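Novice: Need the 3D shape of this:
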Amino acid sequence: MEERLTNGAEDNLRLLEDPNSGVDIGFTQGGVARFPEADRVVMLASLYYEPMWVFYRAADTLEYLNQFRGHRISVGSEGSGTRSFTDAVFALNELTNSNVTLVPLNYGAALRSLQAGEIDAAIMVDGPDSEAIKTALRDPNLKLLSFGHADAYHRRLPYIVKLTLPAGVFDLGRNIPADEVALIGTKAMLAARDGLHPALVNLLLDAAKEIHGKQGFFEEAGEFPGIGQVDLRVSTDADRHKRFGPSFFYHYLPFWMATLVEQAIVVLLPLAAVLFPLFTYLPQFLRWRARSRVYRWYGELALLERDVATRQGAPPTAQWLADLDRIERAVTRIYTPAEFASEAYTLRQHVDFVRQAVLARSGEKTHAIKS
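Specialist: Predicted coordinates for the structure are as follows:
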């Protein structure tokens, strides 16, 4: 199954990029995406490591890929994930059609050709459970390249990772491999067309965790599925699911109902974030609004009262009384809720108090004239 997925990685991605293909979900691997064509595709999760295995026949042990100049090498068929990954790695090592012979063979045919001496090396990009890889590792006439400069590949191409194959991990009894091997590889990904329904994303990630969450030759238990970016953009729904886990609604409600509830929450939570402060401060605003209609006249009344108390010479009694009548009429016309009615009444009492002060000043003037 893994070999079929790897060999179809580039074709799968092309189908996801095509809006008319009818394909919404597929498997691909790092290094296959080409932008901006892949902008409409997102990664739901990385699933497992796909190392690059380079088997060769040689009396001497090779350390670097560029030592294969002048050799015949099986590199996978056109359009396969193996070929796409190999082309990128070859370019870093300045291996081209002019200095190596590229032979497009599937893994089984490549292994048979290598054992028969028809080619000098076979490259496979696949998981360690591949039958072709297990057979090649147990063949005493074949060697597995331990990549020199393995750390450098990630610095040049971020989707490449360094992997370590421990000595004896395949077969402790036969000590296979005999020594620790440094490999390079990439990650297989579950990808989807951007806009896939969040409920489907949740189901796919739950299934991926059940299938790919175990420990392997290269990965720790729980390392996959992962959401660290390989090359495709990471789905926001997948990122949310990975960080916060599946919604508990799916444990207690039918699938369709849980989906509706989750969508409603997505819509209502931002709305609540806007409305909560509004409802919190609205009563305070209304109280301020009601009081401000009354308080604005207090300022004018205070100025008039100060004028009455400090005016020297003949007081303008008629003007003061006219201003007081105008203030009182304005206050009478103000609509105030019942809880603020007392403040309006208090203002009117203050108007009467100032009126009495005005009349008192007028009485003082009349008394002064008579005297």
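
Novice: What segments of the protein are helices?
Specialist: 2-7, 9-17, 81-92, 107-116, 131-138, 150-156, 198-212, 236-244, 249-252, 255-310, 317-333, 341-370 (DSSP state H).

Novice: Nearest to Arg174 among those would be which one?
Specialist: helix 131-138 (7.5 Å; C-beta to C-beta). C-betas here are computed from N, CA, C, even on glycine.

Novice: Which strands or helices does the closest one pack on?
Specialist: Counting contacts by 3 or more C-beta pairs under 8 Å, 6 or more residues apart in numbering; DSSP states H and E, helix 131-138 packs against strand 41-56, helix 107-116, strand 121-125.

Novice: what sits against Pro128?
Specialist: For Pro128, the contact set (C-beta atoms under 8 Å, 6 or more residues apart in numbering) comprises 51, 134, 170, 216-218.

Novice: in the sheet, who's paired with the closest residue to Ser46 other than its chain neighbours?
Specialist: Using C-beta to C-beta, 6 or more residues apart in numbering and skipping residues adjacent in sequence, the residue nearest Ser46 is Lys187, 4.1 Å away. With beta bridges defined as DSSP bridges, Lys187 has these partners: Tyr49.

Novice: which ones are touching Lys187?
Specialist: With C-beta under 8 Å, 6+ apart, Lys187 has these contacts: 29-30, 46-50, 159, 161, 226, 230.

Novice: cool, Phe85 as well?
Specialist: Contacts of Phe85 (C-beta under 8 Å, 6+ apart): 29-32, 50, 52, 125, 186.

Novice: Closest one to Tyr298 out of those, please.
Specialist: Ranked by distance to Tyr298 (C-beta to C-beta), these are led by Gly30 at 73.4 Å.

Novice: Isn't the closest one up against Ile184?
Specialist: No - contact criterion C-beta atoms under 8 Å: Gly30 and Ile184 do not qualify, at 11.1 Å.

Novice: which one of these two has more residues nearby?
Specialist: A count of neighbours by other C-beta atoms under 10 Å puts Gly30 above the other of Gly30 and Ile184, at 27 against 24.

Novice: Please report phi then psi for that one.
Specialist: Here is the backbone geometry of Gly30 (degrees, to the nearest 10): phi -60, psi 140.

Novice: From Asp239, how far off is it?
Specialist: Plainly put, Gly30 is 18 Å away from Asp239 if you go by C-beta to C-beta, to the nearest Å.

Novice: swap in Ser342?
Specialist: Where Asp239 is concerned, Ser342 sits at a distance of 57 Å (C-beta to C-beta).

Novice: more neighbours, the two?
Specialist: Asp239 (15 against 10).

Novice: ok, now which ones touch that one?
Specialist: Ile227.

Novice: what's the spacing between it and Phe170?
Specialist: 35 Å.

Novice: Starting from Gln356, give me the distance back to Val294.
Specialist: 21 Å.

Novice: More neighbours: those two, which one.
Specialist: Using other C-beta under 10 Å as the criterion, Val294 and Gln356 rank with Val294 on top: 20 against 10.

Novice: Would you agree that one is in contact with Val331?
Specialist: Yes - with contact defined as C-beta under 8 Å, Val294 counts as touching Val331 (7.0 Å).

Novice: Pull out the buried residues from stretch 151-166.
Specialist: 153, 157, 159-163, 165 (16 or more other C-beta atoms under 10 Å).

Novice: whoops, stretch 190-198 was the one
Specialist: For stretch 190-198, by 16+ other C-beta under 10 Å, it's 190-193, 196, 198.

Novice: So which of these are in strands?
Specialist: 190-193 (DSSP state E).

Novice: residues in contact with Ala132?
Specialist: 3, 107-108, 110-111, 124, 126.

Novice: So among the residues you listed, which ones count as buried?
Specialist: Buried among these by 16+ other C-beta under 10 Å: 3, 107, 110-111, 124, 126.

Novice: returning to that earlier point: adding pLDDT, write the ones in strands among the buried residues of stretch 190-198 out as JSON lines.
Specialist: Below are these laid out as JSON lines (pLDDT from 0 to 100):
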{"residue": "Leu190", "pLDDT": "96"}
{"residue": "Ala191", "pLDDT": "96"}
{"residue": "Ala192", "pLDDT": "95"}
{"residue": "Arg193", "pLDDT": "93"}
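
Novice: Tell me the pLDDT of the residue nearest to Leu190 when sequence neighbours are not counted.
Specialist: Distances taken as C-beta to C-beta, 6+ apart place Leu44 nearest to Leu190, at 4.6 Å, with adjacent residues excluded. According to the prediction, Leu44 has pLDDT 96.

Novice: how much space between the residue nearest to Gln215 when sequence neighbours are not counted and Lys209?
Specialist: Closest residue to Gln215 apart from its sequence neighbours, by C-beta to C-beta, 6+ apart: Ala221 at 4.1 Å. Counting by C-beta to C-beta, the gap from Ala221 to Lys209 is 11 Å.

Novice: quick one, which of those two is more surrounded?
Specialist: More neighbours surround Lys209 than the other of Ala221 and Lys209, with 17 against 9 (other C-beta under 10 Å).

Novice: Would you confirm that the more buried one contacts Gly226?
Specialist: No - using C-beta under 8 Å, Lys209 makes no contact with Gly226, being 10.5 Å away.

Novice: what residue is smack in the middle of this structure?
Specialist: With distances taken as C-alpha atoms, centre = their mean, Thr236 lies nearest the centre of the chain, 4.0 Å away.

Novice: contacting residues around Arg156?
Specialist: By C-beta under 8 Å, 6+ apart, the neighbours of Arg156 are Leu92.

Novice: Please report the distance of it from Thr164.
Specialist: Distance from Arg156 to Thr164, by C-beta to C-beta: 19 Å.
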